[in-house]
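Student: Following is a predicted model, sequence given first.
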Amino acid sequence: MSKLILGLPKGSLQEATFGMMRKAGWTISGGSRSYMPRIDDEDIEVRLIRAQEISRYVENGHLDAGMTGHDWIVENGSDVVEVTELVYSKQGMNPVRWVVAVPNDSPIRSVKDLQGKRIATEAVGITKRYLEENGVDAQVEFSWGATEVKAPELVDAIVEITETGSSLRANNLRIVEDILSSTTRFIANKAVWADPIKRRKIEKMAMMLQGVLAADRKVLIKMNVQAGDLDAVANQLPSMHAPTINNLRTEGWYSIETVLDESVVREIIPELKAAGAVDIIELSLNKVVP
């Protein structure tokens, strides 16, 4: 097949995306300023592009597939195939939110209070549709950046993206309302999706990427246990399905392994030890493919 042209987000999501791709099996290398980094797959070429633009280039065929936020698909009105949702962001595994924010001492308390006001945002289309849905007429202007510092001197309110709200609070802003929750999507051009060879490649990538996200904050626990303690130890173990139990070469001994949420490990290891488990080890995971 001809090479799959893959658009990946340049900027704040770049490091997290490269890390996810690496765990999925693809290593991307090249300088941070490079538009065309190298990837260790002869069937793929990578382009680094701002997330805001990727859906447009996928729709018009300049890219075969790409990763971008659902928010930018909505903002651009792009007609693309959303292959799968990839719930990750630059700071963690949570969705990001587009919110209306105003200075702490602003009288604005709801969307209705934005009537006749000036709003700065990078997501002009999303904001205008939100105001229209709520019957509010306000002036919306595009912001080239540093949106948080524009209120109250330049505008009455902003519509900004946030993960934790910390940047807004640091700039003495408070959230009035949420407009849109967004996660990263793996998208494809419609004509490319109709090509069975390229579609299969995209589907394989989607499966591996989902496996990486499924493994996030999960670990593999392995331990040994004598036959007399087997039931007591096994009963302590939550697992994705059921723990795997194997006979050891030494008669009367068993090996147990299971996948757990990392958050429960600190609580469960002492309980396992008390129930008779020995030689307990914890292993990190790159992928979990159901």
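Tutor: Looks like it arrived, so ask away.
Student: which residues touch residue 58?
Tutor: Shown in contact with residue 58 (CB atoms under 8 Å, 6 or more residues apart in numbering): 7, 64, 65, 66, 68, 78, 80, 187, 188, 189. C-betas here are computed from N, CA, C, even on glycine.
Student: among the residues you listed, which ones are buried?
Tutor: Among these, those classed as buried by 16 or more other CB atoms under 10 Å are 7, 64, 65, 66, 68, 78, 80, 187, 188, 189.
Student: circling back to that earlier point, for the contacts of residue 58, could you give me CSV that also reports secondary structure and distance to residue 19?
Tutor: Compiled in CSV, those are given as follows (DSSP: H, G, I helix; E, B strand; the rest coil; distance: CB to CB, whole Å):
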residue, secondary structure, distance to residue 19
7, strand, 17
64, coil, 22
65, strand, 19
66, strand, 17
68, strand, 17
78, coil, 26
80, coil, 24
187, strand, 20
188, strand, 22
189, coil, 26
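Student: what ranges do the helices span in the stretch 51-200 of the chain?
Tutor: In the stretch 51-200 of the chain, the helices defined using DSSP state H, counting those that start in this stretch lie at 51-59, 70-76, 124-133, 166-170, 190-193, 196-215.
Student: just checking, what packs against the third one?
Tutor: Contact here means 3 or more CB pairs under 8 Å, 6 or more residues apart in numbering; DSSP states H and E; on that basis helix 124-133 packs against helix 70-76, strand 139-142, strand 157-162, strand 173-182.
Student: Comparing those, which comes out most buried?
Tutor: strand 157-162 (a mean of 24; mean count of other CB atoms under 10 Å).
Student: who does that strand pair up with?
Tutor: Here strand 157-162 is paired, per DSSP bridges, with strand 96-103 (antiparallel), strand 118-121 (parallel).
Student: Among these, which comes closest to residue 251?
Tutor: strand 96-103 (55.6 Å; CB to CB).
Student: what bits of the stretch 151-290 of the chain have low per-residue confidence?
Tutor: 239-241 (pLDDT under 70).
Student: And the stretch 1-150 of the chain, by the same measure?
Tutor: In the stretch 1-150 of the chain, residues with pLDDT under 70: 1, 31-33, 89-93.
Student: which residues are in contact with stretch 7-17?
Tutor: 18, 21, 28, 32, 46-51, 54, 57-58, 63, 65-68, 88-90, 184.
Student: Now, of these, which are buried?
Tutor: Neighbour-count burial (16+ other CB under 10 Å) is assigned, among the contacts of stretch 7-17, to 18, 21, 28, 46-49, 51, 54, 57-58, 63, 65-68, 88-89, 184.
Student: So for this protein, the centremost residue is which one?
Tutor: With distances taken as CA atoms, centre = their mean, the chain has residue 88 as the residue nearest its mean C-alpha position (1.5 Å).
Student: Test my guess that that one contacts residue 20.
Tutor: Yes - the pair residue 88 / residue 20 is scored as a contact, 6.3 Å apart, by CB atoms under 8 Å.
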